[in-house]
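Enquirer: got a sequence here, can you model it:
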Amino acid sequence: MIIGYCRINTFEPAARLEAQKLYLARLGAEKFFCEKTGIFGSTPELERAIACVRKGDVIAVTKPYRVARTTREVLALIERLGSKHVGLRIVDTPIDTSTTTGRMILASAPLWTLGMSPSRSMLSDLLLFWRCRR
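Expert: Numbers count the residues shown, from 1 in each chain. Next comes the predicted model:
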């Protein structure tokens, strides 16, 4: 099962959360965990998603910074999910740890930057929302 995780910060409009959910639904996500958190806030919905996954499931997110604030946090999450035999699919990157190719890309590629300027992030999410509405 593909489980969608959607997150926005407290300064983003709710439409961004809906855009993420719509995008992940079109990619096959069947269950969703969504939240609005502060920059350094906890992510209880992500923890709930991790608690409910079963062997063979995949947690899908639109961008790496939606699930972690640093590359180190993404790698720790991948390892944590891997111990449960669960994959992580970051849709806007070639990372999908549920596939051999995705794991190979992760192992061989230089680490990416998670941060994005707020304006670039907003434009990216608006474009995503626009694409999903068409």
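Enquirer: going by C-alpha atoms from here, please, whenever you check contacts or count neighbours.
Expert: Noted.
Enquirer: can you show me the strands along this protein?
Expert: Along the chain, the stretches classed as strands by DSSP state E are 2-9, 31-37, 58-61, 87-90, 95-96.
Enquirer: show me the contact partners of the longest one.
Expert: So the one you mean is strand 2-9. The contact list for strand 2-9, computed with CA atoms under 8 Å, 6 or more residues apart in numbering, reads 14, 16-17, 20-21, 24-25, 28-39, 45-46, 49, 53, 57-62, 66-67.
Enquirer: would you show me how to pick out the buried ones of those in PyMOL?
Expert: To isolate the buried members of these in PyMOL, using 16 or more other CA atoms under 10 Å:
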select buried, resi 16+17+20+21+24+25+29+32+33+34+35+36+37+45+46+49+53+57+58+59+60+61+62+66+67
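Enquirer: OK, contacts around the residue most central in space within the chain?
Expert: In the chain, the centroid-proximal residue (CA atoms, centre = their mean) is Val61; its distance is 2.1 Å. Contact analysis of Val61 by CA under 8 Å, 6+ apart lists Gly4, Tyr5, Cys6, Leu24, Val67, Leu88, Arg89, Ile90, Val91.
Enquirer: so can I have JSON lines of the residues you listed showing pLDDT and distance to Leu75?
Expert: Formatted as JSON lines, the contacts of Val61 follow (pLDDT from 0 to 100; distance: CA to CA, whole Å):
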{"residue": "Gly4", "pLDDT": "97", "distance to Leu75": "18"}
{"residue": "Tyr5", "pLDDT": "96", "distance to Leu75": "17"}
{"residue": "Cys6", "pLDDT": "95", "distance to Leu75": "18"}
{"residue": "Leu24", "pLDDT": "95", "distance to Leu75": "21"}
{"residue": "Val67", "pLDDT": "86", "distance to Leu75": "11"}
{"residue": "Leu88", "pLDDT": "92", "distance to Leu75": "10"}
{"residue": "Arg89", "pLDDT": "92", "distance to Leu75": "12"}
{"residue": "Ile90", "pLDDT": "89", "distance to Leu75": "12"}
{"residue": "Val91", "pLDDT": "88", "distance to Leu75": "16"}
